[in-house]
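# structure of the sequence below:
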Amino acid sequence: MYKTMLGQSGFRKGMDLYFQRHDGQAVTCEDFFAAMRDANNADLSNFLLWYSQAGTPVLKVQSSYNSEGNTYTLKFRQEIPLTPGQSVKEPMFIPVAVGLLDSNGKDLPLSSVYNRECLQSITSEGHSVSTVILRIEKEEEEFVFVDIPERPIPSLLRNYSAPVRLVSDITDDDLYFLLAHDSDEFNRWEAGQTLARKLMLSLVDKAQHNQPLSVDPKFVNGLRSILCDSSLDKFIAKAITLPGEGEIMDLMEVADPDAVHGVRRFVRKQLASELRAEFCRAVETNRSSEEYDPNHDSMARRALKNTALAYLASLNEPEMTELVLHEYKSATNMTEQFAALGAIAQNAGDVRDEVLSDFYQKWKGDALVIIKWLALQAVSDILGNVKNVQRLLDHPAFDIRNPNKVYSLIGGFCSSSVNFHAKDGSGYEFVGDMVLKIDKINPQVASRNISAFSRWKRFDEGRQALAKTQLERILSSNGLSENVYEIAVKSLAA
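Next up is the predicted model:
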């Protein structure tokens, strides 16, 4: 946020002063704040509340356009949730980067805005700008942009200018427009994620009521526009990645791992089917036989290719399996080979088992790679994966006395919502067994694994009962460490 408010040169001036004053010292957040403020002679009142006031601000935005006066108004209201020990909250200093798009998807030039009954110039060296930083310092603020020739589409919080929860009156059509046209890559990504969350939540509701599922063609075409825009190479892989299952469950009153998993898998396969040609083209055009290079362009190329490959593998068709196998065998570096392995590992079968074995034989001498190999299998969403993980406990690669290997295998399994939260309780029972076993060897590691139970009340009554049974079983065990006991008690009381 400092860089957003002060600009790159202002931020550098602040850093220079900070090192001049404090190099080699033990310093505080207030010292860093003072250096930024003093180097730029800036008014940063209220900003220190970010360090002292708990809770993530909710920023509510309403917009309106006056066609007669060619003005566009944004009304902001900030709300900070109450937190233990802080029943009174003060308004925060929230920098909001804003751009306005015309009907062609181009940034409108911005030159002035009314705020607090004052017309403020927002030009840079006499020229209009496409992005302006609005300072939200009161509970309610209003900004009126002038000389706006048509109703614009607002691009709010550009480049994630402040860590707030944004609630706006922007429509789904506006989000699709931003997904296709916004010049700010973060907001283009966020528009896609917002649309994906809405789509997946609606499909979860349909799945729970045994209704047919379908993916909105607008969503498919929105991702197609991203895939076909060559100017976005460094951004495409992130933009076409769906929100995770945990993120969707966090938005539900009662989390339903089975429905969320089924919906996310359905959407992935539908996208892979509808965008097959585009994904195949992404794989082909981003292959490289050149020596591995960790520069940004090469990383973006690999990320896009690997993401496209994962989509295609989800189809579980012979042609796509052959494609992924070819990428695995022809990979010139471990990054791409491991990504191809991950794509293959989505689907149970002989091919998966053979490639996992081949990878282990090639890399078994590298401990860090083998930790990733264990984690890849542990996080698998293949139904009934608990049996595969139990077999890996006896694999030569696993050592229960090695914390990192325990985190990768047991911790990895806990992150697979559909298997850890299996309706029959097998996932809970397995982790409960492992917590008791590990506790006798390393209580700190065991306490981290039992924390997977901490949100058991977020689920349905059946899963709650099964999770509670395991927590009570752990608490009743003889010789339980203080570490595990404390987290088990807190989890039950949560």
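# spatially central, which residue of the protein would that be?
By Cα atoms, centre = their mean, the chain has its centre lying nearest to Pro243, at 6.6 Å.
# roughly how far does that residue sit from Val263?
11 Å (Cβ to Cβ, to the nearest Å). For every residue, glycine as well, the C-beta is placed using N, CA and C.
# one more: Asp250?
Per Cβ to Cβ, Asp250 is found 15 Å from Val263.
# could you do Ser314 as well?
Counting by Cβ to Cβ, the gap from Ser314 to Val263 is 14 Å.
# please apply the same query to Asn221.
From Asn221 to Val263 the distance is 20 Å (Cβ to Cβ).
# how about Tyr328?
29 Å.
# of the two, who's got more company?
Ranked by neighbour count (other Cβ atoms under 10 Å), Tyr328 and Val263 place Val263 first, with 25 against 21.
# which pLDDT value belongs to the more buried one?
Listed pLDDT for Val263 reads 98.
# what does Ile236 give?
90.
# return the residues in contact with it.
By Cβ atoms under 8 Å, 6 or more residues apart in numbering, the contact list for Ile236 reads Ile226, Leu227, Asp229, Ala282, Ala300, Leu304, Thr307.
# now those in JSON lines, with pLDDT?
Output for the contacts of Ile236, formatted as JSON lines (pLDDT from 0 to 100):
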{"residue": "Ile226", "pLDDT": "90"}
{"residue": "Leu227", "pLDDT": "91"}
{"residue": "Asp229", "pLDDT": "83"}
{"residue": "Ala282", "pLDDT": "94"}
{"residue": "Ala300", "pLDDT": "89"}
{"residue": "Leu304", "pLDDT": "94"}
{"residue": "Thr307", "pLDDT": "96"}
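# quick one, which of these are buried?
Neighbour counting with 16 or more other Cβ atoms under 10 Å marks Ile226, Leu227, Ala282, Ala300, Leu304, Thr307 as buried within these.
# now, which of the residues you listed lie within helices?
In helices, judged by DSSP state H, the following of the buried ones among the contacts of Ile236 are found: Ile226, Leu227, Ala282, Ala300, Leu304, Thr307.
# ok, now which ones touch the closest residue to the first one other than its chain neighbours?
This means Ile226. Of all residues beyond its chain neighbours, the one nearest Ile226 is Ala239 (4.8 Å), with distances taken as Cβ to Cβ, 6 or more residues apart in numbering. Each residue near Ala239 by Cβ under 8 Å, 6+ apart is listed here: Glu185, Arg188, Trp189, Gly192, Leu223, Ile226, Leu232.
# pretty sure Cys280 contacts Leu312?
Yes. Using Cβ atoms under 8 Å, Cys280 makes contact with Leu312 at a distance of 6.9 Å.
# and the strands in the stretch 1-150 of the chain?
58-66, 71-79, 94-101, 112-115, 118-121, 132-136, 140-145 (DSSP state E, counting those that start in this stretch).
# mind listing what's buried in the third one?
Within strand 94-101, the residues that count as buried by 16+ other Cβ under 10 Å are Ile94, Pro95, Val96, Ala97, Val98, Gly99, Leu100, Leu101.
# kindly report the same for stretch 408-425.
By 16+ other Cβ under 10 Å, the buried positions in stretch 408-425 come out as 408-414, 416-422, 425.
# specify which member of these is nearest to Asp439.
Within the buried residues of stretch 408-425, the smallest distance to Asp439 is 12.1 Å, found for Ile410 (Cβ to Cβ).
# look at that closest one and give its secondary structure.
helix (DSSP: H, G, I helix; E, B strand; the rest coil).
# so it makes contact with Asn442?
No. Here Ile410 lies out of contact with Asn442, judged by Cβ under 8 Å, at a distance of 11.7 Å.
# on that earlier part again, quick one: the residue nearest to Ile226 from Thr131, how far?
According to Cβ to Cβ, Ala239 and Thr131 sit 20 Å apart.
# and the longest helix that the chain contains with strand 94-101, angle?
Across the chain, the longest stretch assigned as helix under DSSP H is helix 185-208. Interaxial angle, helix 185-208 versus strand 94-101 (axes from the mean of the first three to the mean of the last three Cα atoms, to 10 degrees): 90 degrees.
# give the buried residues for helix 185-208.
185-196, 199-201, 203-204, 207.
# and for stretch 278-290?
For stretch 278-290, a neighbour-count test (16+ other Cβ under 10 Å) marks Glu278, Phe279, Cys280, Ala282, Val283, Asn286, Arg287 as buried.
# now do stretch 62-81
Those would be Ser63, Thr71, Tyr72, Thr73, Leu74, Phe76, Arg77, Gln78, Glu79, Ile80, for stretch 62-81 by 16+ other Cβ under 10 Å.
# just how off-centre is that stretch within its chain?
On the basis of Cα atoms, centre = their mean, to the nearest Å, stretch 62-81 sits 29 Å off its chain's mean C-alpha point.
# closest one to Gln270 among the strands of the stretch 1-150 of the chain?
For the strands of the stretch 1-150 of the chain, proximity to Gln270 was assessed by Cβ to Cβ; strand 94-101 is nearest, at 28.6 Å.
# hey, C-alpha coordinates of the closest one in CSV?
Extracted C-alpha coordinates of strand 94-101, given in CSV (Å, rounded to 0.1, in the frame of the first residue of the first chain):
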residue,chain,number,x,y,z
ILE,A,94,-7.9,2.8,2.4
PRO,A,95,-6.2,3.6,-1.0
VAL,A,96,-8.5,2.5,-3.8
ALA,A,97,-7.0,2.4,-7.3
VAL,A,98,-9.8,3.1,-9.8
GLY,A,99,-10.0,3.0,-13.6
LEU,A,100,-13.1,3.5,-15.8
LEU,A,101,-13.6,1.6,-19.1
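# next, the angle strand 140-145 makes with that strand.
Interaxial angle of strand 94-101 relative to strand 140-145 (the same axes, to 10 degrees): 30 degrees.
# name the surrounding residues that touch strand 94-101.
Here strand 94-101 makes contact (Cβ under 8 Å, 6+ apart) with 1, 4-5, 57, 59, 72, 74, 76, 78, 107-108, 110, 130-137, 145, 148, 152-159, 161-162, 164, 177-178, 181-184.
# make it 6 Å
Strand 94-101 is contacted by residues 1, 4-5, 107-108, 130-134, 136, 152-153, 155-156, 158-159, 161-162 when judged by Cβ atoms under 6 Å, 6 or more residues apart in numbering.
# one more: stretch 285-300?
With Cβ under 6 Å, 6+ apart as the test, stretch 285-300 has contacts from Asp233, Lys234, Arg301, Leu304, Lys305, Asn333.
# how about the fifth one, nearest residue that isn't a chain neighbour?
Meaning Lys305. Asn286 (3.9 Å).
# no further queries at this time; thank you.
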